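In: pasting the structure only:
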């Protein structure tokens, strides 16, 4: 991938050192580029001392001549995004400087405006009430679209298991059933999260086929799957949907727990143990499985800055009356609305370099997958008494169930005694994000830290729900109530634990006793329970 942004910025900075003598850094006309414009640091050393920020200031530019404009790209940014489409084999790809949140919002609003055809199979005009189909385990940014648009949601609930406490896949037949049940609504789009925070991958191909049958575009929040496209170098044929499987699939305390399901969206090349036993298949992006729009957070699983993300419009995107060209037009309009008018050039340069590196070093992703395989082997061989390793979907996402203490307590023990900080603590499990940047020594240290945790748990008592309980207010269609008094009322806000930011209760849903119990339990356990207003 040719780095147009990086080249342009480096060229500009070579001629624009504010502290240089004029004879040392002239531009093509023999003049210095001295900044009498934003940003206020003027690319000079930080006034509080020469630290990290001094280097950052020196590369922090704005839309000066030659630096293009993210919202109306014509030069280096356009060239870079054109290069990006080649890497991803997409119709259009866009840099996001406001994270996947901006991509989710822009995609939904693009469909709300662009989908002027109804949901019927014949694509006729519709005067029905607008609606958005939303997987119930979507990120809070998706639910914010309901607040901003006032559009009614049609919720799709992920499959659940009696054996594990995490949400499973979204099923295509559940989507079909919901469409038929809500035929009085004009469903403008469907958005799902795949992979989930825990690495669960839904069958995008079947879901997209179902939705397109009803003329509904599919948006996939693939924030946690930015690494997926870089397993594509071997090519993926039509029969690449293969069951994710592992050697030990028992659900005992010492097993590498595997939830097996067909067609989970994995590349056909597999990884093998040293003894030849097949262990897993590489995950495959929704971009190549029939999704119309895919949003990925680079910062979650790739070497890039927090807040960086990309949005792709698939090469085969579009439904009747809303083709890929119109999708691109509407998405660009709403990216201008939902993204800052002062985009960070540090972010832009970093995203370009990140994608270029990933594209040129796809073998590093294969090496990383091999490290994951070896880690899982070592975990299984360690015979932990209190820990179980989950294995499904994206096997690079390490989800470890804990027995005897809450996930929060386990995370605190890990950090205090070993220095390991987890991504998220669930009620009875921990989420560890592994990326291509992790090396063998990192996995070795993690195994040793888990051994320490396993011993520590033996000496800890289960303090689940022993904390204090605060007053928690919730907004309903009848006013604000304490959570205990809100049962049976329809909520107008969402309540969630962060991370991961997935609502426990969402707008238009009726509060049940189970919601109250879950919310109060999370509060007592010390989790950060929030609403849209607090």
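Out: Ah, there it is. All values reported here derive from a predicted model rather than from experimental measurement. Residues are numbered from 1 along each chain as shown.
In: excluding its backbone neighbours, what's nearest residue 331?
Out: The spatially closest residue to residue 331, leaving aside those adjacent along the chain, is residue 110, at 4.5 Å (C-beta to C-beta, 6 or more residues apart in numbering). For glycine as for every other residue, the C-beta is placed from the backbone atoms N, C-alpha and C.
In: check the one you found and give its pLDDT.
Out: Among the per-residue scores, residue 110 shows a pLDDT of 98.
In: which SSE is it in?
Out: Assigned by DSSP states H and E, residue 110 belongs to helix 99-114.
In: what about the helices in the stretch 401-534 of the chain?
Out: Along the stretch 401-534 of the chain, the segments classed as helices by DSSP state H, counting those that start in this stretch run 407-418, 440-458, 513-524.
In: mean neighbour count, these: which tops it?
Out: Each of the helices of the stretch 401-534 of the chain was scored by mean neighbour count; the highest is helix 407-418, a mean of 19, by mean count of other C-beta atoms under 10 Å.
In: returning to what we had before: do you know which of the helices of the stretch 401-534 of the chain lies nearest residue 105?
Out: For those, the distance to residue 105 is smallest for helix 513-524, at 25.8 Å, taking C-beta to C-beta.
In: which other helices and strands contact the closest one?
Out: Contact partners of helix 513-524 among helices and strands, from 3 or more C-beta pairs under 8 Å, 6 or more residues apart in numbering; DSSP states H and E: strand 495-497, strand 502-505, strand 529-531.
In: for residue 157, which of the ones you listed is the nearest?
Out: Using C-beta to C-beta, the nearest of those to residue 157 is strand 502-505, at 12.0 Å.
In: switch the helices and strands packed on helix 513-524 over to a markdown table; also include mean pLDDT and mean neighbour count.
Out: Listed next are the helices and strands packed on helix 513-524 as a markdown table, based on pLDDT from 0 to 100; neighbours: other C-beta atoms under 10 Å:
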| stretch | mean pLDDT | mean neighbour count |
| --- | --- | --- |
| strand 495-497 | 84 | 22 |
| strand 502-505 | 85 | 22 |
| strand 529-531 | 82 | 18 |
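In: got a markdown table for the ones you listed, with distance to residue 482 too?
Out: A markdown table is the format used below for the helices and strands packed on helix 513-524 (distance: least, C-beta to C-beta, whole Å):
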| stretch | distance to residue 482 |
| --- | --- |
| strand 495-497 | 13 |
| strand 502-505 | 14 |
| strand 529-531 | 13 |
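In: which of these sits closest to residue 166?
Out: With C-beta to C-beta, the closest approach to residue 166 among the helices and strands packed on helix 513-524 belongs to strand 502-505: 10.6 Å.
In: packing partners for the closest one?
Out: On a contact count with 3+ C-beta pairs under 8 Å, 6+ apart, strand 502-505 meets helix 140-149, strand 495-497, helix 513-524.
In: just to revisit the earlier point, which of the residues in the helix holding residue 110 are buried?
Out: 99-112, 114 (16 or more other C-beta atoms under 10 Å).
In: what is the burial count for the nearest residue to residue 113 once chain neighbours are set aside?
Out: In this structure, residue 113 finds its nearest non-sequential neighbour in residue 330, 5.6 Å apart by C-beta to C-beta, 6+ apart. Residues near residue 330, counting by other C-beta atoms under 10 Å, number 20.
In: next one: residue 330 from residue 485, what distance?
Out: Distance of residue 330 to residue 485, computed by C-beta to C-beta, to the nearest Å: 43 Å.
In: now swap in residue 476 and tell me
Out: Residue 476 is 10 Å from residue 485, by C-beta to C-beta.
In: so between those two, which is more surrounded?
Out: Set side by side, residue 476 and residue 485 show more neighbours around residue 476, with 17 against 14, by other C-beta under 10 Å.
In: report pLDDT for the residue nearest to the spatial centre of the chain.
Out: Ranked by distance to the mean C-alpha position of the chain (C-alpha atoms, centre = their mean), the top residue is residue 223 at 1.8 Å. Listed pLDDT for residue 223 reads 98.
In: and the nearest residue to residue 75 once chain neighbours are set aside, how many residues sit next to it?
Out: Nearest in space to residue 75, with sequence neighbours left out and distances taken as C-beta to C-beta, 6+ apart, is residue 68 at 4.2 Å. When neighbours are counted by other C-beta under 10 Å, residue 68 registers 22.
In: again, but for the one 3 residues further on
Out: Here the count is done by other C-beta under 10 Å, and residue 71 has 16 residues near it.
In: go ahead and confirm it touches residue 338.
Out: No: applying C-beta atoms under 8 Å, one finds residue 71 not in contact with residue 338, separated by 11.0 Å.
In: what's the separation between the nearest residue to residue 511 once chain neighbours are set aside and residue 510?
Out: The shortest distance from residue 511 to any non-neighbouring residue, by C-beta to C-beta, 6+ apart, is to residue 486 (4.8 Å). For residue 486, the distance to residue 510 under the criterion C-beta to C-beta works out to 9 Å.
In: can you classify residue 95 by secondary structure?
Out: Following DSSP: H, G, I helix; E, B strand; the rest coil, residue 95 is assigned to strand.
In: okay, and the beta partners of it?
Out: Residue 95 has these beta-bridge partners by DSSP bridges: residue 310.
In: can you pull the contacts of it?
Out: Shown in contact with residue 95 (C-beta atoms under 8 Å, 6 or more residues apart in numbering): 70, 77, 80, 81, 84, 308, 310, 347, 348, 351, 352.
In: so which elements touch the helix or strand where the fifth one lies?
Out: Same thing as residue 84. Remark: residue 84 resides in helix 76-88, with elements defined by DSSP H and E. Here helix 76-88 touches helix 4-14, strand 90-96, strand 309-314, helix 345-360, going by 3+ C-beta pairs under 8 Å, 6+ apart.
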